[in-house]
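Engineer: Predicted model, plus sequence, below.
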Amino acid sequence: MRIGSHVDQINPVSDAKARGAEVVQIFLGDPQKWVKPSVAFDGGAVALKSALEAANVELFVHSPYIINVASTNNRIRIPSRKLLQQTVDLASECGASGVIVHGGHVTKDDDPATGFDNWRKAFEGLDQKVPVLIENTAGGEHAMARRLEAIDQLFTALDGHDVGFCLDTCHAWAGGIELVDAVDRIKAITGRIDLIHANNSRDSFDSGRDRHDNFGSGTIDAQAIVEVIKAANCPTVCETPNGVEAQSADIDFLRAHI
């Protein structure tokens, strides 16, 4: 089981070394803009892949936050599909093990079934050069992957497609999913969990707020996060705040308890 963290995209290899990380997650460009993904590492995708392999560090790529393939708005949905494909293509060149994408949402005036079907259409047109992992989200009553009922509907719509899953502990807690049996309940729906985002939460259970915290603070019992990771038995990425020292402490905490 590899444990690591989200790091800056400029030099993820040195950032991994500084944290003692065996796996890293990066963005490929600005996660808040509709721009084609790019590799910030000196030498580009080929050099990054080679450097990660030499350091024995596994890579995951987080797609831009603005992607929402569930949207009923053509001006959002169509660019989202394009940007997701571009991210998958470049992640493959970098040797990534997978691309994480948020579940997205529809508006209060939309039929949620349309959002789930839009996900199906997105996967039908997607060339998965690397696995695509849908991540559960913390907020929104019209989200495609916040509550277990919605995740069930989403994966029912995607039946027959090769769809991965990324479980974020902060998002689950803030989204109203009890952590004590989250892995078993989610696997019963998705059949798999490919990656854990191990994060504490600054906010209360079912708050709908996505604010990560370190394991030494926050509202989630840190041992509950440990138990999720043990049960999932897959690579784990800390997306916790407060810089290198705090992230290193979080990685050390997990290694000491798993």
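Structural biologist: Yep, it's here.
Engineer: What are the contacting residues of stretch 137-145?
Structural biologist: Stretch 137-145 is contacted by residues 70, 102-108, 110, 112, 115-116, 119, 134-136, 146, 150-151, 154, 168, 170-171, 174-175, 207-210 when judged by CB atoms under 8 Å, 6 or more residues apart in numbering. (Each C-beta comes from the backbone N, C-alpha and C, glycine too.)
Engineer: wouldn't residue 100 be in contact with residue 64 here?
Structural biologist: No: using CB atoms under 8 Å, residue 100 is not in contact with residue 64; the gap is 10.7 Å.
Engineer: These two: who's more crowded?
Structural biologist: Using other CB atoms under 10 Å as the criterion, residue 100 and residue 64 rank with residue 100 on top: 25 against 22.
Engineer: Mind jotting down where the strands sit in the chain?
Structural biologist: Shown for the chain, the strands assigned by DSSP state E span residues 3-6, 23-26, 58-62, 99-102, 132-135, 164-168, 195-198, 200-201, 212-213, 236-238.
Engineer: right, and those - which one's nearest residue 220?
Structural biologist: For the strands of the chain, distance to residue 220 was read as CB to CB. The smallest value, 5.0 Å, belongs to strand 200-201.
Engineer: For that closest one, what does the pLDDT average out to?
Structural biologist: Averaged across strand 200-201, pLDDT comes to 98.
Engineer: quick one: strands adjacent to that strand?
Structural biologist: strand 212-213 (antiparallel) (DSSP bridges).
Engineer: Give me the contact list for the strand it pairs with.
Structural biologist: Contacts to strand 212-213, defined as CB under 8 Å, 6+ apart, come from residues 170, 199, 200, 201, 202, 219, 239, 240, 241.
Engineer: what's the closest of these to residue 34?
Structural biologist: For the contacts of strand 212-213, the residue nearest residue 34 by CB to CB is residue 239; the value is 22.7 Å.
Engineer: which of the contacts of strand 212-213 has the most neighbours?
Structural biologist: residue 199 (29 neighbours).
Engineer: Tabulate the strands of the chain (a markdown table), appending distance to residue 13.
Structural biologist: Below are these laid out as a markdown table (distance: least, CB to CB, whole Å):
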| stretch | distance to residue 13 |
| --- | --- |
| strand 3-6 | 12 |
| strand 23-26 | 8 |
| strand 58-62 | 10 |
| strand 99-102 | 19 |
| strand 132-135 | 22 |
| strand 164-168 | 22 |
| strand 195-198 | 20 |
| strand 200-201 | 27 |
| strand 212-213 | 24 |
| strand 236-238 | 16 |
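Engineer: mind checking which of the ones you listed is nearest residue 14?
Structural biologist: Of the strands of the chain, nearest to residue 14 by CB to CB is strand 23-26, at 10.5 Å.
Engineer: Now do the spatially closest residue to residue 215 that is not a sequence neighbour against residue 38, distance only.
Structural biologist: Excluding the flanking residues, the one nearest residue 215 by CB to CB, 6 or more residues apart in numbering is residue 222, at 4.3 Å. Separation of residue 222 from residue 38 (CB to CB, to the nearest Å): 36 Å.
Engineer: Between the two, which has more neighbouring residues?
Structural biologist: residue 222 (19 against 14).
Engineer: my guess is the more buried one contacts residue 250, does it?
Structural biologist: No: Residue 222 lies out of contact with residue 250 (CB under 8 Å); the separation is 9.2 Å.
Engineer: who touches both of the two?
Structural biologist: Taking CB under 8 Å, 6+ apart as the contact rule, residue 222 and residue 250 both touch residue 215.
Engineer: Alright, I will stop here.
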